[in-house]
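S.K.: with the input below, show me the fold.
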Amino acid sequence: MKIVVIGGTGLIGSKLIRRFAAHGHDAVAAAPNTGVNTLTGEGLDEVLTGADVVVDVSNSPSFEPAAVLEFFTTSTTNVLAAERKAGVGHHVALSIVGTERLPDNGYFAAKIAQENLITSSGVPFSLVHATQFFEFTIGIADAATTGSQVRIAPVKYQPMAGDDVADAVAKVAVGTPLNGRTEIAGPDQVRMDEFVREALSLAGDAREVVADEHATYFGSELLEGSLVPEGEAQLGHIHYADWVKGQAER
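M.R.: Next up is the predicted model:
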């Protein structure tokens with residue numbers, strides 16, 4: 001099976017390429033540094049020739065609301081058009097748990113726009129909604145920092161390891177299109193402020209984490225369940241402390 005991974009040289013994309021190749025698939029990384037530019041369409045027709053599945057785990061280089069919306073709408077429109085031309089039978093996209101619950105969040109709004117393009121494209125599809133990644137924890141803390149304090153909302157939080165994300169996405173990609181979505185999350189549900197406090201402590205970071213119900217998450221105030229699955233979700237198996245230990249060993 002030929003599987004093209006859009007964003008195949010990034011965090012999740014590179015993990016997917018290794019997994020697909022290990023199972024005997026023809027795994028192709030499509031990214032600007034491999035000659036494929038989804039914003040201009042450069043290289044898309046060539047890379048999708050003979051492709052059975054396309055997995056899109058690409059990300060915008062800018063999180064500014066207008067820029068991220070332009071990225072996801074333009075890129076996804078170009079990819080879907082090339083897929084229809086090539087006869088691709090399955091489009092898989094990685095998205096975020098809770099996108100529809102934070103409509104004033106520019107990034108989440110852009111992901112919703114991306115999903116709407118996919119679901120109306122006519123290409124068989126699967127959407128994988130994931131919770132936040134362990135790998136982004138320090139970045140989340142940085143965005144919430146003022147002075148020496150990190151202000152975090154005390155809401156439900158269920159982050160997961162990038163390896164668990166890749167495992168779940170890979171499984172969906174080689175299966176029958178869902179023509180719908182599935183949700184994935186970490187094995188442990190905690191309070192967001194407590195998780196960030198523990199993460200900074202394990203990293204030797206002296207910043208003070210303050211629980212603040214009005215703290216914003218990239219510009220949006222959070223409700224209790226904004227960032228966790230509402231119903232059943234496939235759970236990963238890697239716990240944060242084990243992930244930190246594994247990172248240190250690497």
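S.K.: show me what the longest helix seen in the chain is packed up against.
M.R.: Longest helix in the chain by number of residues (criterion: DSSP state H): helix 65-86. If you count contacts as 3 or more C-beta pairs under 8 Å, 6 or more residues apart in numbering; DSSP states H and E, helix 65-86 packs onto helix 44-48, strand 53-56, strand 90-96, helix 106-119. Where C-beta positions appear, they are placed from N, C-alpha and C, glycine not excepted.
S.K.: go again using 7 Å as the cut-off
M.R.: Under the contact criterion of 3 or more C-beta pairs under 7 Å, 6 or more residues apart in numbering; DSSP states H and E, helix 65-86 touches helix 44-48, strand 53-56, helix 106-119.
S.K.: pLDDT averaged over the shortest one - what is it?
M.R.: To tie it back to what came earlier, the one meant is strand 53-56. Strand 53-56 shows a mean pLDDT of 98.
S.K.: got the CA positions of that strand in PDB?
M.R.: Written as PDB, here are the backbone C-alpha positions of strand 53-56 (Å, rounded to 0.1, in the frame of the first residue of the first chain):
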ATOM      1  CA  VAL A  53      -4.000   6.600   1.400                       C
ATOM      2  CA  VAL A  54      -3.100  10.200   2.300                       C
ATOM      3  CA  VAL A  55      -2.500  11.100   6.000                       C
ATOM      4  CA  ASP A  56      -2.400  14.800   6.700                       C
END
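S.K.: ok, it: who's next to it in the sheet?
M.R.: Its sheet considered, strand 53-56 pairs with strand 2-6 (parallel), strand 90-96 (parallel) by DSSP bridges.
S.K.: tell me what angle the first one forms with helix 65-86.
M.R.: In other words, strand 2-6. Relative orientation of strand 2-6 versus helix 65-86 (axes from the mean of the first three to the mean of the last three C-alpha atoms, to 10 degrees): 160 degrees.
S.K.: what comes into contact with strand 2-6?
M.R.: The contact list for strand 2-6 (C-beta atoms under 7 Å, 6 or more residues apart in numbering) reads 13, 16-17, 20, 25-30, 38, 47-48, 50-58, 79, 173.
S.K.: sorry, back to before: which one of the strands paired with strand 53-56 lies closest to residue 83?
M.R.: When the strands paired with strand 53-56 are compared by C-beta to C-beta, strand 90-96 sits nearest residue 83, at 6.0 Å.
S.K.: buried residues in the closest one?
M.R.: 90-96 (16 or more other C-beta atoms under 10 Å).
S.K.: stretch 107-115 too?
M.R.: Applying 16+ other C-beta under 10 Å to stretch 107-115 flags 107-115 as buried.
S.K.: can you check stretch 160-173 too?
M.R.: 160-170, 172-173.
S.K.: many thanks, we can stop here.
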